[in-house]
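Asker: predicted model follows, preceded by the sequence.
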Amino acid sequence: TTIPRIVILGAGYAGMMTTKRLIQQFAPEEVEITLVNKHNYHYQTTWLHEVAAGTIDVNRSRIMISDVINTRRVNFVQDTVKKIHTENKQVELENSTLDYDYLVIGLGFEKATFGIPGMEHAFTIQTVDKSRMIRDHIEYQFSRYKTEENPSDDMLTIIVGGAGFTGIEFVGELAERVPLLCKKYDIPRHRAKIINIEAAPSILPGFDEDLLEYAKESLTRRGVEIRTSTMIKEVKEDSIIVGDDKEEIKAGTFVWTGGVQANSIVGEAGFEITKGRVNVDPMLRAPGYDDVFILGDCAWVTNKETGRPYPATAQIAIQEADVCAHNIRTLIFGGTLQEFVYDNKGTVASLGGSEAMGTVFDGQKLYGMQAKVMKHVIDDRYLFMVGGPTFVLKKGKFRPF
Ligand code: FAD
Ligand code: NAD
């Protein structure tokens, strides 16, 4: 007799934690667990704005999968998922094909462009490689500025499109990094601009007013220009077009942080996409499928209280893993399926350097160093969950000494 085959696609927050939980839920002889990921490392997506700005080293943001996943229990396949065939329960990879009895999809996000023309010129903070390219591109512009005969200051302008959490956290890091680059390349600080452009009347639409004021003050004080009620209409090679009057703003670097959607592999597999993601059932299964779970940024679950989707966050992806692993066990051995209930532990955004702000627990507001410490505690808690104490010491953020 064969044992059930569980295949997990993507080793992000959702995929890694599901793999860890499945190892705990099952004895080795009960199931066969396979984890597929494009790279042999797992990365901290929530730190990529720091990689992109160049404020942390690339290697700090990644962990070798074989260092934290027991490869005697889990068959790790380093390959790229090309297509999911639900009709014959197969996953097509670049180099092979896998059969599954239970599938967990955790392939993460890609940029949502909303049909804005010229988006191929935009950088995005999406993977380790793409983030590193942003860092290198910015530095290249500074370096080029010093060698061109008649350099334009526009080369040193960095535009960040979208002031959601990603955009705000990124400009916060840039506010720390740009002065260092100016120093390194002997360029007066006032020549380099950091502009954050947001279509809505406010940054971080919907977030607490006091915290927004704090963030705005902190960022503008450190040289970030914030332009709200300004819609990006088009992206060109060295400029962007904004607003109804089609104002052109020149820039050497344009980074799009205007929104994310499910990895397109999910839509191509035939799962119904609503608002960029799959609206999974409360047990986290794709609608109409008993054997396919979709987690993290590929999915959204409806918040029963508000009737609106929960946001796509790492916090949610991690919590979903527990329910998913429990439900797979239930499907195999019987029992009661669990519904996902979000335990909101708060939201903390870093603003670069020692600046941060956010809410924790029951909505308590935190600012500055206090918020920064909380952010590090959150980061380190995840490292502990995924790799144990060794990884907190090796890659952790909170260093009291
Ligand atoms: P990911 O973490 O994106 O993982 C997807 C995995 O799938 C990756 O390992 C990728 O390599 C792999 N993959 C993709 N395509 C393929 C393929 N075709 N074949 C094989 N493998 C593939 N959320 C918070 O809660 N708190 C924060 O502070 C926070 N900060 C953020 C900061 C930034 C800069 C960004 C961009 C996001 C932040 N988020 C934060 C959101 C959070 O990162 C996402 O919600 C989270 O990463 C979703 O997890 P996931 O497992 O669905 O996908
Ligand atoms: P988002 O969708 O939350 O924000 C995108 C922003 O871009 C919005 O404010 C939107 O109004 C703006 N925008 C869209 N189109 C525009 C246009 N044409 N011109 C100008 N502005 C435009 O996306 P995000 O910031 O990448 O966040 C994605 C998810 O990741 C969210 O769920 C977020 O909560 C999560 N996240 C959390 C943290 C944190 O907790 N610290 C950090 C980063 C991301």
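Answerer: Arrived safely, thanks for sending. Ligands and ions are numbered 1, 2, ... in the order given.
Asker: from now on I want contacts and neighbour counts done on CA atoms only, so please keep to that.
Answerer: OK.
Asker: how close does the residue found closest to Trp300 once you drop the neighbours it is linked to in the chain get to Thr336?
Answerer: Of all residues not flanking Trp300 in the chain, Asn279 sits nearest, at 5.1 Å (CA to CA, 6 or more residues apart in numbering). Remark: distance between Asn279 and Thr336 (CA to CA, to the nearest Å) = 22 Å.
Asker: tell me which of these two has more neighbours.
Answerer: Between Asn279 and Thr336, Asn279 has the larger neighbour count (other CA atoms under 10 Å), namely 22 against 10.
Asker: quick one: contacts for that one?
Answerer: By CA atoms under 8 Å, 6 or more residues apart in numbering, the contact set of Asn279 is 272-273, 286-287, 299-302.
Asker: what about 7 Å?
Answerer: Going by CA atoms under 7 Å, 6 or more residues apart in numbering, Asn279 touches 299-301.
Asker: domain parsing for the chain?
Answerer: Listed by automatic domain parsing, the domain ranges of the chain are 5-38+79-111+260-340, 119-256.
Asker: got the residue ranges for the helices in the stretch 101-250 of the chain?
Answerer: Using DSSP state H, counting those that start in this stretch, the helices of the stretch 101-250 of the chain run over 128-145, 165-184, 209-221.
Asker: ok, and the closest non-adjacent residue to Asn344?
Answerer: Leaving out its chain neighbours, the residue that sits closest to Asn344 by CA to CA, 6+ apart is Phe361, at 7.3 Å.
Asker: tell me how far that neighbour lies from Ile195.
Answerer: The gap separating Phe361 from Ile195 is 32 Å, by CA to CA.
Asker: more neighbours, the two?
Answerer: Using other CA under 10 Å as the criterion, Phe361 and Ile195 rank with Ile195 on top: 21 against 11.
Asker: settle this for me: that one is touching Gly161, isn't it.
Answerer: No. Using CA atoms under 7 Å, Ile195 is not in contact with Gly161; the gap is 8.4 Å.
Asker: per-residue confidence for the residue nearest to Asn344?
Answerer: Each residue has a pLDDT score; the one for Phe361 is 81.
Asker: close to ligand 2: what parts of the stretch 301-401 of the chain are there?
Answerer: Applying CA under 6 Å from any ligand atom, we find that the stretch 301-401 of the chain lies next to ligand 2 at 311-313, 347-349.
Asker: do that again at 8 Å, thanks
Answerer: Those residues of the stretch 301-401 of the chain that sit near ligand 2, judged by CA under 8 Å from any ligand atom, are 311-314, 347-350.
Asker: just the stretch 151-300 of the chain next, same as before
Answerer: 161-169, 197-200, 202-205, 229-233, 242, 257-260.
Asker: please redo it, this time with the cut-off set to 5 Å
Answerer: Contact residues (CA under 5 Å from any ligand atom) of the stretch 151-300 of the chain with ligand 2: 162-166, 198-200, 231-232, 258-259.
Asker: near ligand 1, from the residues you listed?
Answerer: Among those, proximity to ligand 1 is found for Thr166 (CA under 5 Å from any ligand atom).
Asker: restricted to strands, list the residues of the stretch 151-300 of the chain next to ligand 2.
Answerer: Among these, the members falling in strands (DSSP state E) are Ile232.
Asker: turn the residues of the stretch 151-300 of the chain next to ligand 2 into JSON lines, columns for pLDDT.
Answerer: What follows is those, written out as JSON lines (pLDDT from 0 to 100):
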{"residue": "Gly162", "pLDDT": "98"}
{"residue": "Ala163", "pLDDT": "98"}
{"residue": "Gly164", "pLDDT": "97"}
{"residue": "Phe165", "pLDDT": "97"}
{"residue": "Thr166", "pLDDT": "98"}
{"residue": "Glu198", "pLDDT": "98"}
{"residue": "Ala199", "pLDDT": "98"}
{"residue": "Ala200", "pLDDT": "97"}
{"residue": "Met231", "pLDDT": "98"}
{"residue": "Ile232", "pLDDT": "98"}
{"residue": "Gly258", "pLDDT": "98"}
{"residue": "Gly259", "pLDDT": "95"}
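Asker: which among the residues of the stretch 151-300 of the chain next to ligand 2 gets closest to ligand 1?
Answerer: Of all those, Thr166 has the smallest distance to ligand 1: 4.8 Å, by CA to the nearest ligand atom.
Asker: now check stretch 331-351, is it near ligand 1?
Answerer: No. Residues of stretch 331-351 contacting ligand 1 under CA under 5 Å from any ligand atom: none, with a closest distance of 6.1 Å.
Asker: could you list the buried residues of that stretch?
Answerer: Neighbour counts over stretch 331-351 (16 or more other CA atoms under 10 Å) mark 337-338, 340-341, 347-351 as buried.
Asker: narrow the residues you listed to those in strands?
Answerer: Reading strands off the buried residues of stretch 331-351 with DSSP E, I get 347-350.
Asker: deepest in the core, which of the helices of the stretch 101-250 of the chain is it.
Answerer: Comparing the helices of the stretch 101-250 of the chain by mean neighbour count (mean count of other CA atoms under 10 Å), helix 165-184 ranks first with a mean of 22.
Asker: quick one: distance of it to the chain centre.
Answerer: Distance of helix 165-184 from the chain centroid (CA atoms, centre = their mean, to the nearest Å) equals 18 Å.
Asker: for stretch 57-67, same thing?
Answerer: Mean-position distance between stretch 57-67 and its chain equals 16 Å (CA atoms, centre = their mean).
Asker: same check, this time on stretch 134-149
Answerer: Here stretch 134-149 is found 27 Å from its chain centre; the criterion is CA atoms, centre = their mean.
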